[in-house]
Structures are given as structure tokens and as C-alpha cells.
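Asker: can't give you the sequence, but here's the structure:
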Ligand code: F0G
């Protein structure tokens, strides 16, 4: 105990910072917080940027993974939630509300618990990965499952936000986007400059919007010397931006991005156009193959939506997308959520066999089998 206090007291600033004290503490000057803002934080951010040698070899350029599953609730949502909830408390909020495909609800529930306020989450019934639902239950959120999809849930939440009783913490809340731009700052701080290409999964399109804001802001003040091309990957059955039309009944195994009418569609489209980027699609088979490949070849286990950028990158490379990368290109794929969020997807393929007897011979025989 004494030792802990002692080291904390003498910990050099650089070490302290690298351990991450939350994105508001780290990037305060870039966020609209003041001394009057009560900071609600779980120590989010400062996630690893891991080089992916086998993936680099496979696609023929230098690839890094920004591992956002290592945030406190297991997804990138925490970066935005710390800012949104802190600002909400400053404004006197007593209850949060969000629609969600799962991760936003898990994050909102955790930060509401931390702040000591209520949280209501509106979810498409039967469409939330079990890990995410368990988090919302554990943190004590009021969970309302609707007979409808995410887009309809967000419609309901927008209406409920009008009377001023609830603060909406979906990415239509600008404080969320402001918090999420810190991921782009971190990538520049970790690489020493912006990457050539930034690839993200594209759902409600808030995160790609946030990254572009972050990259632009850092470049403007000279922290980086270039801007990346922004590439968004949608699931083939839930690809409104790729097909340029609202998808009424989006369908994909990547439940986090099962969205047919993204709230930040225009902003994301602008970011893609301004950066000379692209939108690509990946089929469910390609997404699951990328998830499995990444887990087995790089040791990084991500949920299906987060494997979409990997699947998209592999596809672009196979098509020889020369306008996006050459051998020397530095590519960052953001893997947005932890694989444990959606265990059923992986467990599905696991063949259970009967237990063997508890001796080394039998176990060796079972391994060799
Ligand atoms: N990856 C994961 C793991 C997500 O949970 C989401 C969105 C996205 C990517 C897409 O990000 O919406 O900013 O384009 N999840 C939201 C939710 C919709 O409710 O948890 P986006």
C-alpha cells in the first residue's frame, strides 16, 4: 500500500501519461471541458497501436492495429462517453438515454453508474451480442428491447430526447464525437505522424467523422504533416453509404454495424471525399474469415464488426488498389471492439467432445487426435 502511494507520487510524468489517465486528462486542451466540468472517467484511451507483421506481409504494406477493445468497457465508445457524460453532468443531467447495437449501451451504462445517474438503453430485440447485453445489465441500465431495428430505436430515442428529461448519448451528441477524435490524436502521437491510410468499420458513421476531425485538427496545429485517406468498411448486407441508399432491413453477422440509415452519413461522406478515400464492403463470410485469421495469426481477438476493416483491407490489396497504397504505405486499421463481446459467433464453430480421463496419457492422445 505504502509502496503504491510512494511510486505514484514519484512516477515521472511520461510514465504516468503512458499508463493513461483518461482522454480528458490527456487531451484536455482539445476538448470543451473547463474547471466547472466534473470529470467522469474510467481511465479510457491510451490503447495500444500494435504492428501486424503477418497482415503486413499478406497485403504488402505496413499495417498497424489500433486496439480499441482495450478500453474500459471493451470498445472505442468510452472515449466519447467520458466527454458526453462529463458535459451532461455539468449541465445538470439526471438521466442518459441511447439507442444501440450494443457497445454504446454498455459504455453509457458504465459511465452513468460511475456518475451516479440513471441510464435507459433502447435496443433492437434479440439483436445484441451477449457480452454487450450482460454489461448493460451488470451496470444497472434500464433496458428496453423494441420490436424494430437500430434505426427505429434511434428514432424513438431522438423523440424522447426532446422533452429535456434525458440526455442523448448517441454519436449525434457532439461531445461524443469530440471525445472519439482523441483516437486520431493518439495514433499521430504513437506513429510520429498521421498514417497514409486509416481504415474503420462504418456503422452509424460517427467514428469515421470523429477520426477525420481529429486528424484535421492535429494537422492544422502542426502536430502532423499529412492527412490520411479515410476508408470506411460496411457489411455487404448493411451498406447504405456504399450503395448510396437507405437499407430498410439491414442484415449482417457483424451486429454492431447492422445499420441501414446512418445518423452521420453526410459528415462521413464528406470526410471520405475530402480525404480521397473510399467505402468498401465485406461479406459476412469475409468478415468472419478476417476475424479468425487475425486471432490466429496476430493474436488479436476482435468482434466481427471490428474485423470488417481487416476484411476490407485484404480485399483492397487483392484488387491491387494502387490509389490507396504502395509498399511503403503506413496503414492503420482500427479494431473497435473486443472479441469477447460476441462469444457465440466463435463458440458456434467449436466442436465439443466428451471429457477424457484425468491422466496424461489420455490427454496426450486427445491432443494428438
Ligand atoms: N465497431 C463497433 C464495435 C461498434 O460498436 C460500432 C458502432 C462501430 C464499429 C461503428 O461505429 O457507428 O461510429 O460508425 N456501434 C454503435 C452502438 C452503433 O450502438 O454500439 P460508427
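Answerer: Received it, and whenever you're ready, just let me know what you need. Treat the numbers as computed from the prediction; the structure is a model and nothing was measured.

Asker: Which strands and helices lie in contact with the helix or strand harbouring residue 122?
Answerer: Using DSSP states H and E, residue 122 maps to strand 118-124. Contact analysis of strand 118-124 by 3 or more C-beta pairs under 8 Å, 6 or more residues apart in numbering; DSSP states H and E lists strand 95-99, helix 103-115, helix 130-138, strand 142-146, helix 150-161 as its packing neighbours. For the C-beta atoms, the positions are set from N, CA and C on the backbone; glycine is no exception.

Asker: most neighbours per residue, which of those?
Answerer: Most buried of these by mean neighbour count (mean count of other C-beta atoms under 10 Å) is helix 103-115; its value is a mean of 27.

Asker: Would you mind measuring from the closest residue to residue 132 other than its chain neighbours to residue 79?
Answerer: Once flanking residues are discounted, residue 132 sits nearest to residue 102: 3.2 Å by C-beta to C-beta, 6 or more residues apart in numbering. Residue 102 sits 17 Å away from residue 79, going by C-beta to C-beta, to the nearest Å.

Asker: and what of residue 294?
Answerer: Distance of residue 294 to residue 79, computed by C-beta to C-beta: 22 Å.

Asker: So for these two, which residue has more residues nearby?
Answerer: Using other C-beta atoms under 10 Å, the more surrounded residue of residue 294 and residue 79 is residue 79, with 30 against 24.

Asker: Just give me how far the helix or strand containing that one sits from the chain centre.
Answerer: Using DSSP H and E, residue 79 maps to helix 77-90. Distance of helix 77-90 from the chain centroid (C-alpha atoms, centre = their mean, to the nearest Å) equals 15 Å.

Asker: can you list the residues of the stretch 101-250 of the chain near the ligand?
Answerer: Counting by C-beta under 6 Å from any ligand atom, the stretch 101-250 of the chain comes close to the ligand at 101, 102, 103, 104, 171, 201, 202, 203, 204, 205, 206, 207.

Asker: Of the residues you listed, which is the most crowded?
Answerer: Each of those was scored for neighbours by other C-beta under 10 Å, and residue 202 scores highest at 34 neighbours.

Asker: Which residues are in contact with that one?
Answerer: Contact analysis of residue 202 by C-beta atoms under 8 Å, 6 or more residues apart in numbering lists 208, 232, 233, 234, 241, 257, 262, 268, 279, 308.

Asker: Mind checking what secondary structure the first one has?
Answerer: Yep, that's residue 208 we're talking about. In the three-state summary, residue 208 is assigned as helix, counting by DSSP: H, G, I helix; E, B strand; the rest coil.

Asker: isn't it right up against residue 270?
Answerer: No. Using C-beta atoms under 8 Å as the test, residue 208 is too far from residue 270 to be in contact (10.2 Å).

Asker: more neighbours, those two?
Answerer: Between residue 208 and residue 270, counted using other C-beta under 10 Å, the more crowded position is residue 208 (32 against 13).

Asker: Can you give me the pLDDT of that one?
Answerer: You'll see residue 208 listed with a pLDDT of 98.

Asker: any idea how far residue 298 is from residue 350?
Answerer: Remark: distance between residue 350 and residue 298 (C-beta to C-beta) = 20 Å.

Asker: Tell me which of the two has more neighbours.
Answerer: Set residue 350 next to residue 298 and count neighbours by other C-beta under 10 Å: residue 298 wins out with 20 against 7.

Asker: Distance check, residue 29 against residue 223.
Answerer: Residue 29 sits 12 Å away from residue 223, going by C-beta to C-beta.

Asker: To clarify, my last question referred to residue 199.
Answerer: In terms of C-beta to C-beta, residue 199 sits 21 Å off from residue 223.

Asker: Pick out whichever of these two has more residues nearby.
Answerer: Counted by other C-beta under 10 Å, residue 199 and residue 223 do not tie: residue 199 has more neighbours, with 30 against 15.

Asker: Could you tell me which residues of the stretch 251-369 of the chain lie near the ligand?
Answerer: Going by C-beta under 6 Å from any ligand atom, the residues of the stretch 251-369 of the chain near the ligand are 256, 257, 303, 305, 306, 336, 337.

Asker: ok, the fifth one - how many residues close by?
Answerer: It stands for residue 306. Quick note: residue 306 (other C-beta under 10 Å) scores 34 neighbours.

Asker: average pLDDT for the strand or helix carrying it?
Answerer: In the assignment (DSSP H and E), residue 306 maps to helix 304-318. For helix 304-318, mean pLDDT rounds to 97.

Asker: Out of the contacts of residue 202, give me the one that has the most neighbours.
Answerer: residue 308 (35 neighbours).

Asker: is it true that that residue touches residue 282?
Answerer: Yes. Assessed by C-beta under 8 Å, residue 308 is found in contact with residue 282 at 5.3 Å.

Asker: Show me the common contact partners of the two, please.
Answerer: Joint contacts of residue 308 and residue 282 (C-beta under 8 Å, 6+ apart) are 233, 234, 235, 290.

Asker: could you measure the third one against the ligand, distance?
Answerer: Spelled out, it's residue 235. To the ligand, residue 235 is 10 Å away according to C-beta to the nearest ligand atom, to the nearest Å.

Asker: ok, now which ones touch that residue?
Answerer: 250, 252-254, 257-258, 281-284, 287, 305, 308.

Asker: So which of these belong to strands?
Answerer: 281, 282 (DSSP state E).
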